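# The sequence and its predicted three-dimensional model are supplied below.
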Amino acid sequence: MSIIVFVEDWNNLFKKASFEAVSYAKSWAELAGTTVTAVTSSGAADPAALAAFGADRILTTTLAATPFGMAQQLATITNGSAGMVIAGTSLGRSIAPALAALSGGALSTNTTDTPSSVSPVTVERGAFSSKGIETIELIGGLPMVSFVPNSVGIQERAGEGLVENLDATGTDLLRITEQSIASGKVALPEAEVVVSAGRGLKGPEHWSMIEELASVLGAATACSKPVSDIGWRPHSEHVGQTGIQVNPNLYIAIGISGAIQHLAGVSASKTIVVVNTDAEAPFFKAADYGIVGDAFEVVPQLVNAMRAFKAGQ
Amino acid sequence: MNLLVCISHVPDTTAKINFDAAGTALDATGVQFVINPYDEFSLTKALHLKEAHGGTITVLNVGGPETEPTLRKALAIGADQAIRINATPTDAITVAKELKNHIAANAYDLILCGQESIDYNGQQVPAMLAALLSLPFVNACVDLAIDGSAATATGEIDGGHSTYAGALPMVIGGKKGLVEEKDLRIPNMRGIMTARSKPLQVLEATENDAATRAAKFVKPAAKSAVKLVDSVDELVHLLHNEAKAI
Ligand SMILES: Cc1cc2nc3c(=O)[nH]c(=O)nc-3n(C[C@H](O)[C@H](O)[C@H](O)COP(=O)(O)OP(=O)(O)OC[C@H]3O[C@@H](n4cnc5c(N)ncnc54)[C@H](O)[C@@H]3O)c2cc1C
Ligand SMILES: Nc1ncnc2c1ncn2[C@@H]1O[C@H](COP(=O)(O)O)[C@@H](O)[C@H]1O
């Protein structure tokens, strides 16, 4: 009756959200008085490393290529277990509902905390694009949680760390013909710091200062919807109610007015900084810190100040 | 092609969200409902596919009578017929099972959903539906091409894209990119008039076993007033010492 956690790797290295997933499973297992079983790819570099975050058993298997195949494999492993945790990365968001459909359907996605109770399993999740917080009870079938990366954090708590290999079958219904991932960039959903800019920047040629600030901070870059609609930035950077929803520790919004649809995707950020020439911009009402000023003056200064700060660390 | 577009009926993006006194459901007073924005991209893609390959577009919603104006709007945009499965959607698995029962009894070539409903932000129904039917599924779908009974679909993955090839029928969770924003259609007068005479069929629900229960809804705590600062040095200082954000 272990808590099972799926541990994603990319190019044989664990993702940050994967350590968070094991930490999540450990918190749940402590409440339920049980152990943590991690499932990962047999190609993953160092499965035993998961023990530091609470994994008692680590099952390695040759994973299927697509989310559905992986969900079928996980279904053979979760049978009879006490619960299942998957990080809400893009892969996790495709696997979790497929697995849920195969195991009763009791899934909370967009989850933002660890269970407050295990009878029934009760968690909080974001709803109505962060305009509401829902307390949800998982009442039928295998209780499953997919959590928002960065929402619960990584904790080091030792588990037994026994590594075993396991055969599990899953069928891929699709063939992957091409995969491309921008290297060296911080992925938006997992980013701890996000530097985002809007139409106030006037044109795509002015994004170099945004990218510079992001690189000094180790941040991901994002943009408002009109900016991606006009093609100044790729669609994949569009955040908001109809774009990617983020909840970093720090969200810096430059030249973005703060329309309700934009705020809906970013208001869960722990700290929000706004730079805008217009003191009346609605974003200031949702911000923790603000500078009323011209981005073309403030951002280069901020790059220098942050660089000096990082150098002194 | 026999195309199915699954439509969810959601509060408009500008809606102020409030919950009822018991805190167990949305207070819909004064809330304007619309076609889920993600589903609009899928509906427009269906129109493009119909224009290229011929066929019929059915729009389907699992919901109460209050969702019919939303289905009529989809008809006015260009769908040929609408179906409402009469149920109060309690959770994703019940909706997915209702959709599955209907789809299993009808020969659809392609099932287009949206990536996510902007009300409960579940991002669950399409993948559940595909798994229940053992059909291929592509989430966050930003490109789709059909060639006979084969499909090529591209989905966003963290930091990039993945392209898949497979056989129809297939389920997709669409979003901006599947078609462009400028391609989205708004109903014109003629569309609205003809929508009135297009069929809207009501089917009775067959599933009622929810696997989750919404125990309570609250609104997030209000932010305290913004601290305006004059210099970037002060900002860096506050972010480090006060907010502990850097
Ligand atoms: C159905 C629907 C869904 C939507 N979904 C989203 C969504 O998911 N995400 C999203 O972002 N939007 C979304 N929108 C659009 C949203 O309503 C706003 O139009 C959009 O967020 C505005 O983008 P912006 O702030 O970049 O541009 P603007 O509103 O034009 O604001 C630009 C800001 O820059 C400031 N500025 C100008 N010059 C400077 C300067 N030199 N230095 C500093 N500041 C400057 C201005 O004062 C202004 O506040 C949606 C709209 C609809 C109808
Ligand atoms: N009640 C419903 N009726 C029809 N389709 C739905 C319903 N709920 C969700 N869907 C479809 O599933 C997609 C994702 O919804 P969700 O899983 O609720 O985020 C939506 O964009 C719709 O295409």
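Perfect, thanks for sending it. Ligands and ions are numbered 1, 2, ... in the order given.

# give me the element A:Phe6 is part of.
Using DSSP states H and E, A:Phe6 maps to strand A:3-7.

# Which elements pack onto the helix or strand following that strand?
Next helix or strand after strand A:3-7 toward the C-terminus (DSSP H and E): strand A:9-10. Applying 3 or more Cβ pairs under 8 Å, 6 or more residues apart in numbering or on different chains; DSSP states H and E, one finds that strand A:9-10 contacts no other helix or strand. Every C-beta, even on glycine, is put in place using the N, C-alpha and C of the backbone.

# nearest residue to the closest residue to ligand 2 within chain B other than its sequence neighbours?
In chain B, the residue that lies nearest ligand 2 is B:Gly114 (2.5 Å; Cβ to the nearest ligand atom). Closest residue to B:Gly114 in three dimensions, ignoring its sequence neighbours and counting by Cβ to Cβ, 6 or more residues apart in numbering or on different chains: B:Tyr38, at 2.8 Å.

# gap between the one you found and ligand 1?
Distance of B:Tyr38 to ligand 1, computed by Cβ to the nearest ligand atom, to the nearest Å: 10 Å.

# what's the answer for A:Ser42, then?
39 Å.

# What's the local residue count around the residue of chain B closest to ligand 2?
30 (other Cβ atoms under 10 Å in any protein chain shown).

# Tell me what it is bridged to.
B:Gly174 (DSSP bridges).

# list the contacts for it?
Applying Cβ atoms under 8 Å, 6 or more residues apart in numbering or on different chains to B:Gly114 gives the contacts B:6, B:8, B:36-42, B:126, B:173-175.

# If we use 10 Å, what do you get?
By Cβ atoms under 10 Å, 6 or more residues apart in numbering or on different chains, the residues touching B:Gly114 are A:242, B:5-8, B:10, B:35-43, B:123, B:125-126, B:141, B:172-175, B:178.

# Out of the residues you listed, name the ones that lie in strands.
Residues of these located in strands (DSSP state E): B:Val5, B:Cys6, B:Val10, B:Ile35, B:Cys141, B:Ile172, B:Gly173, B:Gly174.

# And for residue 46, the neighbour number?
By default, I'm working from chain A. When neighbours are defined as other Cβ under 10 Å, A:Asp46 has 11 of them.

# actually chain B
So B:Ala46, with other Cβ under 10 Å, has 29 neighbours.

# SS state for it?
Following DSSP: H, G, I helix; E, B strand; the rest coil, we place B:Ala46 in the helix state.

# Could you verify my assumption that it touches B:Cys113?
No. With contact defined as Cβ atoms under 10 Å, B:Ala46 does not reach B:Cys113; the gap is 11.1 Å.

# Close to ligand 1: what parts of chain B are there?
With Cβ under 6 Å from any ligand atom as the criterion, chain B meets ligand 1 at residues B:Thr13, B:Pro37.

# hmm, 8 Å instead?
By Cβ under 8 Å from any ligand atom, the part of chain B that sits against ligand 1 consists of B:Asp12, B:Thr13, B:Thr14, B:Val34, B:Pro37.

# now swap in the stretch 201-313 of chain A and tell me
Residues of the stretch 201-313 of chain A lying near ligand 1 (Cβ under 8 Å from any ligand atom): A:201-202, A:223-227, A:238-243, A:254-262, A:264-265, A:275-278, A:281, A:283, A:293-296, A:298.

# Please flag which of the residues you listed sit within strands.
Among these, the ones falling in strands (DSSP E) are A:Cys223, A:Ile254, A:Val275, A:Asn276.

# wait, which of these is closest to ligand 2?
A:Cys223 (23.3 Å).

# how much space between that closest one and A:His238?
According to Cβ to Cβ, to the nearest Å, A:Cys223 stands 6 Å off from A:His238.

# intersection of neighbour lists for those two?
Joint contacts of A:Cys223 and A:His238 (Cβ under 10 Å, 6+ apart) are A:Ser196, A:Asp229, A:His262.

# Distance to B:Met193 for these - can I get that in TSV?
TSV is the format used below for these (distance: Cβ to Cβ, whole Å):
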residue	distance to B:Met193
A:Ser196	43
A:Asp229	31
A:His262	36
